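Test case, fold it:
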Amino acid sequence: MSNRIQETGHNRSEFVESLADYSRKQQAQQWEGTFSDYLRTIVADDPARAARSSHQYIWDMISWQGLETQKLSGTTRYKLFQDELFGIDQALERVANYFKAASEGSEVGRRLLLLLGPPSGGKSSLVTLLKRGLEAYSHTDEGALYAIQESPIQESPLLLIPHGKQAEFKETYGVALSGEMSPFTRALLDEKYQGDFARVPVHRIFIDEAGRNAVGTYAPHDPTTADIADLVGSVDLSKVAEYGDEGDPRAWSWSGAVYAGNRGLLEMIEILKVKREFLYLLLTLTQEQVVKVSRFPLIYIDETIVAHTNMAEFRRFLQEKENEALLDRMVIVQVPYTLCYTDEARIYHKLTSSTPSFTQVHLDPHALQVAAVFAILTRLKTSERADLDLSKKLRIHAHEAVEGVSDAEAERIMREQPDEGMDGVSPRFIVNALAGAISQSESKSLTAMEVLLALKDAIELDARMDAKLKKQWTDFLVTTRKDFYNRWVKEDVHKALFVSFQDEAEELLDKYLDEVEAVLESRKIADPITGEERDADERFLRSVETKIGISDSGKTSFRQEIVRKALAAYKRGAKFTLAEHARLREAIEQYLFEERRDVLRLVTSSTRADTETLKKISAVEERLVNDYGYDAHSAHEALNYVTTLLAQE
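Residues are numbered from 1 along each chain as shown. You can find the predicted model right below:
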């Protein structure tokens, strides 16, 4: 106990020291000086970095975080998003491409970015990651950002350079300038510094959403009472008496969300709920980089507007003809629910991993997977191919091999329904159902079957659903159990029962390859014991292949595919294993399982529970716990469930 106390004390001491070190670094990053100092020490070092627009700054941040192009798909994965958002890589790439194109001066930089998707689909999380990324980047040397110290809207110091000197600046530093000082800064320059812009103080700023520094956020309340002043400010009556004129920029409240987002990002939540005058203001700001308020000339603002809304609001917006012009000035990126059940399960894990009620309960290895399969089934649409049911389509979206579907055809199927994933069950619905099941669990353990039952209860109790939808979703639960969970749990029990499964499976693979090669080459095969030559064992080959539905007409192409992959492995100097072909692995596992079905029935039969059988059952449960992610409760339930399945077959 004393060692543990000492270790805890040491860890806390280290944390205090790291906190102090962090504070010292923050102080070291501060910089202040005059505009002349800024030009000599900051701009001279990297003029292009000093003159970055908000789009360039955000793209640099995304690149700084790291990116990786996938060789097979050609898509790019962005480290900013990869640990938080799963299964929406195409949407994330489109968002990143928007910033990349805008940073290069493309016309898309003059468009508002609108994220469109179903509730709880990741839109808000995506914007939050952008904001957190900007905050972190602004504390680095690469992301150092500077502003006029007394400006209420953190303006770029380069705006101080008079128009008459901007051509000379471009010739000297190699970068062009754009934009105008705000009325506030212009008055400050004239009255306090007598027009001597070289003396105007400049300081380094750090992006901070909480401090409303280069990140603004606007969420509409009641549209009928919303005030545009929340975006662009209004006259501050308390200062009018001090300055004597409502038209004095110092008597204006610069607290609007538009000003908070200058030099960075403005998030507009549920944007289509705002009044049309709000939308025109925002779209003009995006197009022209200016806002107009009473008593002042146009105010230059450099910020990226990222808005999001759900499908219901967007459909209402589309119904109004006068909104067509507004749509032309938006870049719309759909952010659907994921259609890959393994990614969906990762979402549930992320949402529940920090919740105390979940951390105190053991989930069996398929609990989140079955919930994810059900969720994806509600989001899929019927394929154009008559022979492709939703279960097969779900497996295709999970990049699993399906008989009769080539890789090229699989890609086409995944793209045949552009709106797929824009409706269906949300992750929030699933997590709420899981939470309800956990609250009722007395064993502090939740099995996949208990998850399916909890989802069934959640569907039946949901007052928002009509009877037809409830029936459809309940049928999806049955499909999940029959087509996925039954196979998974039988495989687990089978492997746990036969310790030598892996070795047996690889031996069976070698036999399969030998027999296939003999068939394809039309030659006989030598018996390993007698040495006598015999025909290839077609009966054995078909008994393996039929386990995964390989038809008689499709067997040759399947076998040729296996041989090609085995040959490719041989050329690499590697051994072809079951891990390299998921479908063949499944076929051989099913073959072994069928071979030992009677043995499994005997071991799991409660009517023959003698001492030796009980010992075997205990060993199987122990392996399920030690090797396959079960606990005592879920292992026992899995074994009982498989026994029931075998009795029904």
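
Low-confidence regions, the protein specifically.
1-13, 15-28, 71-74, 222-225, 500, 528-529, 598-610, 612-613, 649 (pLDDT under 70).

Could you state which residue of it sits nearest its centroid?
By C-alpha atoms, centre = their mean, the mean C-alpha position of the chain lies nearest to residue 85, the distance being 1.6 Å.

Now do the helices in the stretch 501-649 of the chain.
501-521, 538-545, 555-571, 582-595, 597-604, 611-628, 632-648 (DSSP state H, counting those that start in this stretch).

which helices and strands does the fourth one pack with?
In this case it means helix 582-595. For helix 582-595, the packing partners by 3 or more C-beta pairs under 8 Å, 6 or more residues apart in numbering; DSSP states H and E come out as helix 486-497, helix 501-521, helix 538-545. For every residue, glycine as well, the C-beta is placed using N, CA and C.

surely the residue nearest to the centre of the chain meets residue 124?
No. Counting by C-beta atoms under 8 Å, residue 85 stays clear of residue 124, with 11.0 Å between them.

circling back: next, format the helices and strands packed on helix 582-595 as TSV and append mean neighbour count and distance to residue 286.
Converted to TSV, the helices and strands packed on helix 582-595 look like this (neighbours: other C-beta atoms under 10 Å; distance: least, C-beta to C-beta, whole Å):
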stretch	mean neighbour count	distance to residue 286
helix 486-497	20	49
helix 501-521	16	58
helix 538-545	16	58
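
Would you mind putting these into TSV with distance to residue 416 alongside?
Converted to TSV, these look like this (distance: least, C-beta to C-beta, whole Å):
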stretch	distance to residue 416
helix 486-497	26
helix 501-521	33
helix 538-545	28
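
Could you point out which of those helices sits nearest residue 409?
helix 538-545 (20.0 Å; C-beta to C-beta).

Now residue 516: closest residue in space that isn't a chain neighbour?
Nearest non-adjacent residue to residue 516, counting by C-beta to C-beta, 6 or more residues apart in numbering: residue 559, 4.7 Å away.

got the contact list for that neighbour?
Residue 559 sits next to 516, 519-520, 541 when contact means C-beta atoms under 8 Å, 6 or more residues apart in numbering.

Quick check: of those, which lies closest to residue 631?
residue 541 (40.0 Å).

And the closest residue to residue 235 other than its chain neighbours, how close does it get to residue 293?
Once flanking residues are discounted, residue 235 sits nearest to residue 246: 5.1 Å by C-beta to C-beta, 6+ apart. Distance, residue 246 to residue 293, using C-beta to C-beta, to the nearest Å: 12 Å.

higher neighbour count, these two?
residue 293 (20 against 14; other C-beta atoms under 10 Å).

Can you show me the helices along the stretch 1-150 of the chain?
2-29, 35-38, 47-50, 54-65, 79-82, 89-103, 123-137.

Is residue 395 in a helix, a strand, or coil?
Secondary structure assignment for residue 395 (DSSP: H, G, I helix; E, B strand; the rest coil): helix.

quick one: contacts for it?
residue 402.

Residue 109 too?
Taking C-beta under 8 Å, 6+ apart as the test, what residue 109 contacts is 53, 55, 101-103.

Same check on residue 637?
Residue 637 makes contact with 364, 447, 449, according to C-beta under 8 Å, 6+ apart.

okay but the first one is in contact with residue 628, surely?
Right, residue 364. No. Assessed by C-beta under 8 Å, residue 364 is found out of contact with residue 628, at 9.1 Å.

So which of these two has more stuff around it?
Per other C-beta under 10 Å, whichever of residue 364 and residue 628 has more neighbours is residue 364, with 27 against 19.

how close does the closest residue to the more buried one other than its chain neighbours get to residue 589?
Nearest residue to residue 364, sequence neighbours excluded (C-beta to C-beta, 6+ apart): residue 634, at 3.8 Å. Using C-beta to C-beta, residue 634 is found at 21 Å from residue 589.
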